[in-house]
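> Make a model of this:
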Amino acid sequence: MPDPAPLPAADPLFATAPDRHGTGSEKWNRWTDCDVIPTWVADMDFQAPEVVLEAMRARVDHGVFGYTDPPPGFAPALCEHLARRHGWEVEPDWITSTPGVVNGLAITARLLSQPGDGIITLTPVYPPFLSLPGLAGRECIRVPLALSPSAWSIDWNALEASITPTTRLFWLCHPHNPTGTVFGRDDLIGIAEFAARHGLTVVSDEIWSDLLLDDDHGGPRHVPFASLDHDQARNCVTLVAPSKTWNIAGLGCAAAICRDRGILRQWRAAGGGLVPMINPIGYAAAEAAWRFGDDWRRRLVNVLRHHRELAVAAVAGIPGLTCVPPQATYLVWIDCRGTGVADPEAACLAAGIGPSDGAHFAAPGFIRLNTACPTPLFAEILRRLALAFAA
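Numbers count the residues shown, from 1 in each chain. The predicted structure is shown next:
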């Protein structure tokens, strides 16, 4: 991790957050009868940017909300964003909309493989990567990442050993959830070479690509897998969404990017009638976020970087806990195995915080902590984390 940046002054945009009780919030509804601060599901407590809210208001004022195809500005807005942020030149006709990245993964399983085929993923990983293959009648092939005190990395020998005659897809989470790892160009080339050797199609979930914590301070930058100068990269499917970065996950609007027009033509049909059209408010919010949301994003990253440093320092001060500092996301992946606590999630709940249980990510003994809330609330979360393992 690069040298810590100076601590930011309190940013008024992120100093407080609306009360989400009574709004149907999945995050806050999980524990309503006890004093537990939810830190599990990956959405933020911060209000979406004003530029996004203005675009939504304007679309509401239009007053007609019929069945909606991608509006003319949707794909160009994403193309401009990807070029500006990541140096990746994408053509608008490479893009189709999809209700979410999870939905996109499910479609690729059905569109790019056959029942019984294998799908590789690197664990620990976001739970839908583990459950969706089975729901589609495919095999989930889990390849554990290697853990060192300073990094999570690809175990290339384990990856080679995982191949079966029916393996067809490689689902890549990049940047990686839950570890916050940003895979570098050499790793991505290695994945492309591996996929080429074994005839695999890579599906790259890049939903976290706009929340790199150090790219303005000498840290790693995001390299879109499909931007590599490699045939296997050019043939991949990339999934992106504005949902994590600008806190609009509930609006259900994402995009799939692929140069193969045949795949895009079959995209919606591959969902078996279960893939709805995107709602018009979601399109308006996504386009506004990509076009006008970068100043807000940069200010958010300053806060998230500060929270990462608070979390890493807190973990270092709690005997038995360790974590590799995340390079991206607003998630901290904490190894609790050294505490001797058999059920870390239960210990946290008893102390008044509700993290994600690592068992759901194929990593029992870990917890995932969401840092995306106002700093005073996050300080209380860290205080309760220390209480959870005080014994």
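> in stretch 205-221, what's buried?
Residues of stretch 205-221 classed as buried by neighbour count (16 or more other C-beta atoms under 10 Å): 205-215, 219-220. Quick note: C-beta positions are derived from backbone N, CA and C, even for glycine.
> And stretch 168-185, by the same measure?
Of the residues in stretch 168-185, those buried under the neighbour-count criterion (16+ other C-beta under 10 Å) are 168-183.
> Same question for stretch 183-200.
For stretch 183-200, the buried set under the neighbour-count rule, 16+ other C-beta under 10 Å, comprises 183, 187, 188, 189, 191, 192, 194, 195, 198, 200.
> The spatially closest residue to residue 136 that is not a sequence neighbour: neighbouring residues, count only.
Nearest in space to residue 136, with sequence neighbours left out and distances taken as C-beta to C-beta, 6 or more residues apart in numbering, is residue 109 at 4.0 Å. Here the number of neighbours of residue 109 (other C-beta atoms under 10 Å) works out to 26.
> helix/strand/coil for residue 109?
Using DSSP: H, G, I helix; E, B strand; the rest coil as the criterion, the local structure at residue 109 reads helix.
> So it versus residue 132, what's the distance?
Using C-beta to C-beta, to the nearest Å, one gets 6 Å for the distance from residue 109 to residue 132.
> hang on, the earlier thing: now the two most distant members of the buried residues of stretch 183-200.
Every pair in the buried residues of stretch 183-200 was compared (C-beta to C-beta); the two farthest apart turn out to be 183 and 198, at 18.5 Å.
> rewinding a little: same list as before, the buried residues of stretch 205-221 that is, but in a markdown table and with secondary structure and pLDDT included.
Listed next are the buried residues of stretch 205-221 as a markdown table, based on DSSP: H, G, I helix; E, B strand; the rest coil; pLDDT from 0 to 100:
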| residue | secondary structure | pLDDT |
| --- | --- | --- |
| 205 | strand | 98 |
| 206 | coil | 99 |
| 207 | coil | 98 |
| 208 | coil | 98 |
| 209 | coil | 98 |
| 210 | coil | 98 |
| 211 | coil | 98 |
| 212 | strand | 98 |
| 213 | coil | 98 |
| 214 | coil | 97 |
| 215 | coil | 90 |
| 219 | coil | 93 |
| 220 | coil | 95 |
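> now for the buried residues of stretch 168-185, which pair is the farthest apart?
168 and 180 (28.3 Å).
> and the top helix by length along the chain, what does it pack onto?
When the chain is parsed with DSSP state H, its longest helix is helix 294-316. Using 3 or more C-beta pairs under 8 Å, 6 or more residues apart in numbering; DSSP states H and E as the contact criterion, the elements in contact with helix 294-316 are helix 243-246, strand 322-323, strand 331-335, helix 375-388.
> which outside residues touch the last one?
When you say that, I think you mean helix 375-388. 10, 14-15, 17, 37, 39, 45, 303, 306-307, 310-311, 314-315, 317-318, 344, 347-348, 350-353, 369, 371, 373 (C-beta atoms under 8 Å, 6 or more residues apart in numbering).
> so residue 312 touches residue 322, yeah?
No. Because the distance of 9.9 Å does not satisfy C-beta atoms under 8 Å, residue 312 is recorded as not touching residue 322.
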